[in-house]
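Visitor: Sequence and predicted structure, then a few things I'm wondering about:
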Amino acid sequence: MAQFVEDSIITWRKLKSYVIRTLLSRVLNFGPKAHHLMFYENQPASVSLNILKQVDNGYSSSTPHPRDNFLEFHAFNPRFMVKASDISVDSMTGLITLSDRSFVVESSSWSRQDLQLNVVHRSNKSDHLKVSTRDNILLPSNGFYHWLLEDLPLYLRLLKEKVIANTYVFEFAPVYVNDFLSWMKIESTKISRFAAFKELDFISRGDDTGWPRSEDIQILRDTFSPLMLGKSADKKVYISRLKATRSPNYESELIELLSADGWTILYPEALSLLEQIQKISEAQILCGLHGAGLAGMVWMENTAKVIEISRESMARACFARLASQCGLNYYWLSDQSDDATGIYKSIMKFSA
């Protein structure tokens, strides 16, 4: 019986969605771009969203996977500036929730399936902070890789579009978020993790996690260009995970070998965002274990090299894709053997 009720609800939603699509497309003569965001698969249009304009075109991209060199393809959807009304926001992730507890999938770079499996639904509860001002934008506080490549570029785009805007930030935002705001001299309002907004502007996202967009990399480079020092001849930088998680047993020995060969060892946790940009921007070669520190390759000149070390089980293609978008020479190195000397010799070969 429960399954029958659930199936009936889905069927009813599909029917309503079809009727609304027909009304918009045939009766009101709205093109597909005008109501692109208004549909979340089986759900009807929401009056909480108002599409202001299109800000990006769609295009496709491809990159060989580092593990087996198999060519992967990805389609980027057009992106839109949207005004959301009477919604609830997770200020840490940036995910928007409507009053019926449904997600605005386009407020996240993760897929609907990821959101449904990993995120708790939140609605406009009475104990949420209520923001009633207008011209509001949010800078989320995701992990460094996702913040730098997915959150920050869209926030910067909104800043360019909005002459006056109120910036809101999660009250326990990571250091790199506060470093950015301080450097840009942006006054922000700290808010609790879940807040209700009368009005909030955002730029839509596609299911693009792990697939950086070229225009996002460009706005990052344009914004932080005063901090980018330019490539220094023979400067080699290794990003260490000794003070973070997932540091393998051989890393201490590998660092000793690299240090003796003149490599600069960086511990991102001990550096400000601005210091990271300055030090990595000078690198001719950037090497490190699979992890967010490698996202710093966006500051390097396009003749530089990137060497990623990881187990085959961790051989995700996100950094190969990023290196491709940045025009960098990318190499993947398996550390399955746990042999620091062997890994060091392979790094030397790639560095030549």
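Guide: Alright, I've got the coordinates.
Visitor: residue ranges for the strands of the stretch 151-300 of the chain, please.
Guide: Assigned strands in the stretch 151-300 of the chain, in chain order: 166-170, 188-191, 194-203, 236-239, 264-266, 285-289 (criterion: DSSP state E, counting those that start in this stretch).
Visitor: Generate a markdown table for the ones you listed, with distance to Leu154 and mean neighbour count as supplementary columns.
Guide: All C-beta atoms are positioned from the backbone trio N, CA, C, and that covers glycine. A markdown table is the format used below for those (distance: least, C-beta to C-beta, whole Å; neighbours: other C-beta atoms under 10 Å):
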| stretch | distance to Leu154 | mean neighbour count |
| --- | --- | --- |
| strand 166-170 | 13 | 21 |
| strand 188-191 | 16 | 16 |
| strand 194-203 | 4 | 21 |
| strand 236-239 | 25 | 23 |
| strand 264-266 | 27 | 17 |
| strand 285-289 | 25 | 23 |
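Visitor: CSV for those, including mean pLDDT?
Guide: Converted to CSV, the strands of the stretch 151-300 of the chain look like this (pLDDT from 0 to 100):
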stretch, mean pLDDT
strand 166-170, 96
strand 188-191, 96
strand 194-203, 94
strand 236-239, 96
strand 264-266, 96
strand 285-289, 96
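Visitor: gap between Arg316 and Tyr59?
Guide: In this view, Arg316 and Tyr59 are 22 Å apart by C-beta to C-beta, to the nearest Å.
Visitor: swap in Trp211?
Guide: 11 Å.
Visitor: shared neighbours, these two?
Guide: Residues touching both Trp211 and Tyr59 (C-beta atoms under 8 Å, 6 or more residues apart in numbering): Phe76.
Visitor: more neighbours, those two?
Guide: In this comparison of Trp211 against Tyr59, neighbours counted by other C-beta atoms under 10 Å, the higher total goes to Trp211 at 21 against 13.
Visitor: what bits of the stretch 151-300 of the chain have low per-residue confidence?
Guide: Scanning the stretch 151-300 of the chain with the threshold set as pLDDT under 70 gives 163, 233.
Visitor: Spell out the residue ranges of the helices in it.
Guide: Counting by DSSP state H, counting those that start in this stretch, the stretch 151-300 of the chain forms helices over residues 152-161, 175-184, 214-224, 251-260, 273-281, given from the N-terminal end onward.
Visitor: Over to the stretch 1-150 of the chain?
Guide: Secondary structure of the stretch 1-150 of the chain, counting by DSSP H, counting those that start in this stretch: helices at 2-22, 112-118, 144-146.
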